[in-house]
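In: One predicted model, sequence on top.
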Protein chains: 2
Amino acid sequence: MSERIYTAAVIVIGNEILSGRTQDTNLRDIAIALGSWGIRVMEARVIPDVESTIITVVNDVRRRYDYVLTTGGIGPTHDDITAASMAKAFGVDLIEHPHIAELIRRREAPPDIMAARLRMAMVPRGAGLIANATGGPPGFFIENVHVMAGIPTVMRAMLASLATKLRGGAVVQSRSVTAYVGESTIAAALEAIQHAHGDIEIGSYPFVNEGRTGTTLVMRGTNENALDIVELKIRNMLTRAGAAVV
Amino acid sequence: MSERIYTAAVIVIGNEILSGRTQDTNLRDIAIALGSWGIRVMEARVIPDVESTIITVVNDVRRRYDYVLTTGGIGPTHDDITAASMAKAFGVDLIEHPHIAELIRRREAPPDIMAARLRMAMVPRGAGLIANATGGPPGFFIENVHVMAGIPTVMRAMLASLATKLRGGAVVQSRSVTAYVGESTIAAALEAIQHAHGDIEIGSYPFVNEGRTGTTLVMRGTNENALDIVELKIRNMLTRAGAAVV
C-alpha cells in the first residue's frame, strides 16, 4: 500500500512582489521547511492585495491541497487586508481575538496608535493562533489555511512554530551530481535512466560557471534504495560520457 | 477618457523552485522590465514540470491578460516539457522550427547529441521566435504567450528582446519615503491620505534595521501631479508624527 502524500500550496500576497520592488524569499524558505516535514509544495501563487483575488485564490487552493500557507498583509495599515479577506473567503465574521488583543494592550500607546495596533488582533471567527517568537502579534490559521507575516524574519518565526503542528508523510530525499558536461551530451542516456525509474524524479539543470558549461542532475524520491541505484547509474553514465564530475 | 491598462501574468515553470532547491529571481526581473514598458504584472504562478498543470494554467491566464510570460523547461533533456505542453494548450502540432534547427546544426555534434539539441528546435506550429543574444537557441511566442528559458542570464537576454515587441500603456511611477517610525503610529493618518487619493496606491512596508523599527511608504500611480501631492502630504504627516525621515 502506498503511503499518503501530503500536499500544500503557498500564496504570496503583496503588490510589492508583483511590482518587482521586493524580491520574495519566503516561498523558498517555506518549500524547504515543508519538504523536510514530508509535505510537498504543489504550486505557489503570487497575488496582489486585492480582496476579491485573495478570496478566489484561497477558496480554490484550500480545497485542492492538505495545507495552504500564506504570507503578507497582516500588519496594522490600510493595505493589510489579508485577515478580513480570509474571513470573507470562509464566510465567517472578523473578530478581535482576546489573546492577541491582550498581548497588544500590554504595551501602552495613545488611543489612535492602539487602535491601529489592534487591527492586528482581528482574525476570522474560529481561527487558531500561530506563535511568533519575535514578540510581535501571532499569525493565525483557519481550517487548513495558515496565515503568516510577509517580513521574512517574522515569517520564519511563525513557520518554525508550525513544525510540530502540520502532519506530513514520507520525506522526499534528494541527491545531486554536478559535472562539466553539456545537457545535450547526456540527454539520451539520462532519459533512459529516467524511463527505468519512474519513482525517482530526475531533473537536469544547466549552468555556466566562469565560461564553463555544466549540468547538475538532481534525483528526488522517497525510496533511498532507488535513489542509491539511480545515483550510481548517473555517475557511471557521466564517466562513460567522459564528463568531469565535480 | 481613461487610458487602456495593459496586463500580464508570469508563469514560473520548474520543480526546482517548488522544492526550494532554487531561489527564483526571474519574476522580479520580469516585473521590473514590464513595469517600465507600461505593463502590469497582475499575478504569478509557480508550477511544476507537469504537462496537465502547464496546459490548465496557460489556458486560464492567457485569456485573462494581455500577455503571459513563462520561464523554464525549454532545454534539451527529458524534463523539458514546456514547448510540447504549449502546443497541446493551443491545440496545435509541435513542429521543428527551420530557423532554430539551422542554428543548432551549425555547430557539429555526434548524431545522438545533435538529436538532443534539436529538441530545442521544437515549437508549437505558428510560433514566432524570441531572440537570444547569448547565442543559444531562441525562445518563442504563440499568440500572447511568451516562452523563455529558466536560466536567469538567458531569460534576461530573451526579455530584453521583447522590449520593442510588447505594447504597453502609461507607466506606473513610484515614489517612496522611509522613516524610523512604527506602522501603527502613522496608520490612521496614512489611511486618511489613501482615502483622499484613490488613484494612488499607497503601500506600507515595515522593516527592522539594526534593532530600529522603520517603515517605507511606497506610492504608485500613473499621474505625476497626484504623486507629488501625495508625497508631500506623507512627508508632512511624518514630520507631524515626529518621525525621523531618512
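Out: Thanks, I have it.

In: To what extent is residue A:147 buried, counted in neighbours?
Out: Number of residues near residue A:147 (other Cβ atoms under 10 Å in any protein chain shown) recorded here: 28. Every residue, glycine included, has its C-beta placed from N, CA and C.

In: partners of it in the sheet?
Out: residue A:70, residue A:140 (DSSP bridges).

In: OK, contacts around it?
Out: By Cβ atoms under 8 Å, 6 or more residues apart in numbering or on different chains, the contact set of residue A:147 is A:70, A:74, A:82-83, A:86, A:130, A:139-141.

In: nearest to chain B, of these?
Out: residue A:74 (11.1 Å; Cβ to the nearest Cβ).

In: and the closest residue to the closest one other than its chain neighbours, how far is that from residue A:161?
Out: Using Cβ to Cβ, 6 or more residues apart in numbering or on different chains and skipping residues adjacent in sequence, the residue nearest residue A:74 is residue A:82, 5.2 Å away. In this view, residue A:82 and residue A:161 are 18 Å apart by Cβ to Cβ, to the nearest Å.

In: still on that earlier bit, include distance to residue A:59 when you put the contacts of residue A:147 into CSV, please.
Out: What follows is these, written out as CSV (distance: Cβ to Cβ, whole Å):
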residue, distance to residue A:59
A:70, 13
A:74, 19
A:82, 14
A:83, 16
A:86, 10
A:130, 20
A:139, 19
A:140, 17
A:141, 16
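
In: Any chance of CSV for those residues, columns pLDDT, neighbour count and distance to residue B:228?
Out: Converted to CSV, the contacts of residue A:147 look like this (pLDDT from 0 to 100; neighbours: other Cβ atoms under 10 Å in any protein chain shown; distance: Cβ to Cβ, whole Å):
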residue, pLDDT, neighbour count, distance to residue B:228
A:70, 98, 30, 35
A:74, 96, 28, 31
A:82, 98, 27, 31
A:83, 98, 22, 33
A:86, 98, 26, 36
A:130, 98, 21, 41
A:139, 98, 30, 37
A:140, 98, 24, 39
A:141, 98, 24, 43
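
In: show me where chain A has strands.
Out: With DSSP state E, the ranges of strands along chain A come out as A:6-13, A:39-47, A:67-71, A:94-96, A:122-124, A:128-130, A:139-142, A:145-148, A:173-180, A:201-209, A:212-221, A:244-245.

In: now stretch A:179-188, how far from the centre of its chain.
Out: Here stretch A:179-188 is found 31 Å from its chain centre; the criterion is Cα atoms, centre = their mean, to the nearest Å.

In: for stretch A:5-18, same thing?
Out: 7 Å.

In: quick one: average confidence on that stretch?
Out: In this model, stretch A:5-18 carries a mean pLDDT of 98.

In: Can you give me the distance of residue A:226 to chain B?
Out: Distance of residue A:226 to chain B, given as Cβ to the nearest Cβ, to the nearest Å: 17 Å.

In: from what I can see that residue touches residue A:197, true?
Out: Yes: contact criterion Cβ atoms under 8 Å: residue A:226 and residue A:197 qualify, at 6.2 Å.

In: and residue A:183, what does it touch?
Out: A:204, A:206, A:215, B:75-77, B:116.

In: Now with 7 Å, please.
Out: A:204, A:206, A:215, B:75-77 (Cβ atoms under 7 Å, 6 or more residues apart in numbering or on different chains).

In: and the gap between it and residue B:87?
Out: When residue A:183 is compared with residue B:87 (using Cβ to Cβ), they lie 21 Å apart.

In: one step back: which one among the contacts of residue A:183 gets closest to residue B:149?
Out: Set against residue B:149, the nearest of those by Cβ to Cβ is residue B:75 (7.6 Å).
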